[in-house]
Structure formats: structure tokens, C-alpha cells
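Undergrad: pasted the sequence and its predicted model underneath.
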Amino acid sequence: HALRAKITKQSKSHYRASLYTPVQGPRDVSKHPCGITALRSTIALLTTAAAFMKRAPPATPSKVAKRRAATTPAPKKTHTPAWAAAGLAHVAKADGGRLKAVIDEHGPPAYLEEQVAEDSACGALCRIVVGQQLAGAAAASIWRRTLGELCPRGFDRAQLLSRAEGDDGFDEATRSSCGLSRAKARAIVAVCQAFAAGDLSDALLRDAPVEELRERLCAIKGVGPWSCDMYLIFDLKRPDVLPLGDLGVRNGAQRFFGVSGHGKNGTLDAKKDRATLEALFAPYAPYRSLASYYMWRVADTKAFNQKQ
């Protein structure tokens with residue numbers, strides 16, 4: 001654009017000079033102010049302009065394209081396990097399609113698409129231990145406080161162990177700042193120590209059969225069957241886990257299947273009613289993790305409860 005403007009300006013000036021410059025006697029091009037020199041200059045400029053205009057414009061993205069590229073989110077990575085679609089189809093049809101209405105109402109479990117929050121099994125297990133016997137929001141709050149106090153830049157096993165001391169896991173001020181009981185403080189330190197010693201590893205927990213994994217985890221004081229089940233379902237995303245130790249699953253099963261048990265006020269007891277619960281969930285194998293998930297939804301959904 002700058003070159004075109006320059007050419008136009010010079011051409012106009014030469015043209016005006018040719019119009020208004022008086023000519024004395026016969027026209028002699030060689031002596032005219034806009035004579036041969038000016039003519040050659042004009043021809044050269046016009047030739048350059050013609051070549052420039054024939055040239056293809058540079059392949060640069062427009063401002064709109066740049067804005068679009070900046071605001072368009074990158075494709076979201078999916079972490080859904082390969083068995084999810086087949087599992088949902090099976091659970092929806094099993095037992096005469098009993099769970100289908102619940103599945104249609106709540107949709108696929110959100111946790112199947114989620115990436116594990118921690119970079120290691122050690123961090124995931126510590127988070128689960130911290131959340132024992134707590135509601136979801138409370139568990140998340142305590143875990144944030146624990147990380148803020150012990151690992152401000154994110155979970156770090158070595159950093160956590162460097163703060164450990166005594167039989168109580170951490171000193172009283174640290175435990176108070178984290179919101180941890182003595183038992184939970186001791187348990188997360190024990191988990192980190194097991195990983196540091198090589199008794200547990202990411203690869204072992206990822207690849208080990210369920211029974212071996214349960215045996216190794218439950219050998220750590222403070223890590224029981226409930227913690228194992230939560231780790232298997234939500235972090236390893238194993239398809240066939242039945243967490244009978246979870247109160248929400250038992251409450252949901254009682255309401256959904258319309259049964260009573262040997263617990264207080266007729267509630268289902270994890271030990272005394274184990275056989276009954278296993279029989280109720282048998283049709284949903286080998287995807288009992290999904291059936292358990294929908295029991296949580298049944299227990300949490302008032303509208304569903306009112307229909308029963």
C-alpha cells in the first residue's frame with residue numbers, strides 16, 4: 001500500500017509538471033522538465049507497480065482467524081475407560097431393566113470421564129484416607145487444607161514426609177491447621193512411607209489383581225476396605241467393585257430394592273446383610289461399580305425417593 005501511494009503521488013506530480021510548465025518554442029523533449037528523465041522514471045515506477053500487483057498476497061492469517069484460533073478451546077482429552085459403554089448397556093438391561101429409569105435420569109457417571117486429580121497413586125490414596133467418614137464437600141475442604149499446609153505446590157510425598165514426626169504423624173499445630181485427626185495423620189504418613197520403601201508403587205497398584213491390591217493396601221494401618229473400594233472405583237476405574245462398606249450404597253440399595261436388614265431401625269448392615277446385598281447386585285456383574293454409583297444417586301435424589 002505504501003509503494004502504491006508513492007507511485008501515484010510521483011506520477012501525479014510528473015503529470016502536473018507536464019501540464020503547467022510553459023514550453024518556449026518547438027517542443028524539445030530532451031529539454032522539457034518532464035522530459036526523457038522523468039518519463040523513464042515514470043515507466044520504471046509503473047513497471048514495478050505492475051509486477052507488485054501481480055504478486056500473490058502473503059498467506060498471513062486474518063485478524064478474525066487469529067482471534068478465532070485464540071478463543072477456540074483445544075479438543076478435550078477423554079479418560080473414559082473402554083468398558084464404559086458396554087457396562088452402561090448391561091446395567092440398564094440387567095434385572096429386567098430395573099435401573100434404566102435411574103440411568104436415564106442421571107446420565108453416565110461423571111467420574112468415568114474425569115482424569116485422576118493426583119499424579120500418583122500415593123497422592124490419590126492419601127486424599128481418600130483424608131475423606132474417610134466425611135461428606136464430599138467436607139472431604140474436599142480438608143484435603144485442600146492439608147495440601148495448603150504440607151504441599152503448597154501440589155502433592156509431594158517427600159515434602160509430606162519431611163514434616164512427619166512422632167507417633168501422631170504430625171505435631172499438633174500442623175494437624176490442627178490441616179484439620180486432620182491423629183488417626184488420619186498417621187495413616188497418610190504410613191501410606192507415603194510404604195511408597196518410599198517400595199512396598200507400594202504406581203505400577204503395582206495399576207496392574208495388580210483386585211485381591212492382591214486389597215491385601216497390600218489393608219496391610220497399612222488406617223487404610224481399610226472402604227478406602228480400597230474408593231480407590232478401585234474412582235481412581236483405577238475398575239468395573240466390578242461392590243463397596244458394601246459404604247453407607248450411601250447400602251441406603252440407596254435399601255430404598256431402590258425395597259428391602260430391610262438387620263441394622264438399626266431395619267437398615268442394611270454391611271456384615272449381617274452381606275449375602276442379601278450380594279444377591280441383589282449379582283445381576284449387575286461384572287459392572288457392579290456402575291450399579292453402586294447409581295445407588296448413591298438414589299440415596300441423594302429426593303424426587304426419586306418420593307416416587308417409591
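TA: Perfect, I can see it now.
Undergrad: show me what counts as buried in stretch 274-284.
TA: 276-277, 280-281, 283-284 (16 or more other CB atoms under 10 Å). For the C-beta atoms, the positions are set from N, CA and C on the backbone; glycine is no exception.
Undergrad: now do it: distance to the chain's middle.
TA: Stretch 274-284 sits 33 Å away from the centroid of its parent chain (CA atoms, centre = their mean, to the nearest Å).
Undergrad: and stretch 255-268, by the same measure?
TA: Chain-centre distance of stretch 255-268: 37 Å, with CA atoms, centre = their mean.
Undergrad: what does it contact?
TA: Stretch 255-268 has contacts (CB atoms under 8 Å, 6 or more residues apart in numbering) with 102, 250-251, 253-254, 269, 272-273, 276-277, 280, 295, 298-299, 305, 308.
Undergrad: mind doing that once more with 10 Å?
TA: 95, 98-99, 102, 244, 247, 249-254, 269-274, 276-277, 279-281, 291, 294-295, 297-299, 301, 304-305, 308 (CB atoms under 10 Å, 6 or more residues apart in numbering).
Undergrad: could you do stretch 167-187 as well?
TA: Residues from elsewhere that reach stretch 167-187 (CB under 10 Å, 6+ apart): 125-126, 128-134, 138, 141-150, 160, 163-166, 188-190, 192, 220-224, 227.
Undergrad: before we move on, the earlier item: among the contacts of stretch 255-268, which ones are buried?
TA: For those, a neighbour count by 16+ other CB under 10 Å gives the buried set as 98-99, 102, 244, 249-254, 270, 273, 276-277, 280-281, 291, 294-295, 297-299, 301, 304.
Undergrad: so of the contacts of stretch 167-187, which ones are in helices?
TA: Judged by DSSP state H, the contacts of stretch 167-187 include 125-126, 128-130, 138, 141-150, 160, 188-190, 192, 227 as members of helices.
Undergrad: now a PyMOL select for only the buried ones of these.
TA: Selecting only the buried entries of the ones in helices among the contacts of stretch 167-187 in PyMOL, with 16+ other CB under 10 Å as the criterion:
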select buried, resi 125+126+128+129+130+142+143+146+147+149+150+160+188+189+190+192+227
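Undergrad: give me the nearest residue to residue 274, chain neighbours excluded.
TA: Spatial nearest neighbour of residue 274, excluding adjacent residues (CB to CB, 6 or more residues apart in numbering): residue 244 at 6.2 Å.
Undergrad: might one say that the one you found is in contact with residue 252?
TA: No - the pair residue 244 and residue 252 does not pass the contact test of CB atoms under 10 Å, sitting 11.9 Å apart.
Undergrad: now do the shared contacts for the two.
TA: Counting by CB under 10 Å, 6+ apart, the residues touching both residue 244 and residue 252 are 268, 292.
Undergrad: hmm, back to that, could you export the buried residues of stretch 274-284 as JSON lines, including distance to residue 258, secondary structure and pLDDT?
TA: Output for the buried residues of stretch 274-284, formatted as JSON lines (distance: CB to CB, whole Å; DSSP: H, G, I helix; E, B strand; the rest coil; pLDDT from 0 to 100):
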{"residue": "276", "distance to residue 258": "12", "secondary structure": "helix", "pLDDT": "97"}
{"residue": "277", "distance to residue 258": "14", "secondary structure": "helix", "pLDDT": "97"}
{"residue": "280", "distance to residue 258": "10", "secondary structure": "helix", "pLDDT": "97"}
{"residue": "281", "distance to residue 258": "15", "secondary structure": "helix", "pLDDT": "98"}
{"residue": "283", "distance to residue 258": "16", "secondary structure": "helix", "pLDDT": "98"}
{"residue": "284", "distance to residue 258": "17", "secondary structure": "helix", "pLDDT": "98"}
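Undergrad: now distance to residue 178 too, for those residues, in CSV please.
TA: Formatted as CSV, the buried residues of stretch 274-284 follow (distance: CB to CB, whole Å):
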residue, distance to residue 178
276, 39
277, 35
280, 39
281, 36
283, 43
284, 38
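Undergrad: closest to residue 239 among those residues?
TA: Relative to residue 239, the closest of the buried residues of stretch 274-284 is residue 284; by CB to CB it sits at 10.3 Å.
Undergrad: ok, that closest one to residue 244 distance?
TA: With distances taken as CB to CB, to the nearest Å, residue 284 is found 14 Å from residue 244.
Undergrad: any common contacting residues for the two?
TA: Contacts common to residue 284 and residue 244, judged by CB under 10 Å, 6+ apart, are residue 292.
Undergrad: which stretches of the stretch 1-150 of the chain have low pLDDT?
TA: Scanning the stretch 1-150 of the chain for pLDDT under 70 picks out 1-78, 116-119.
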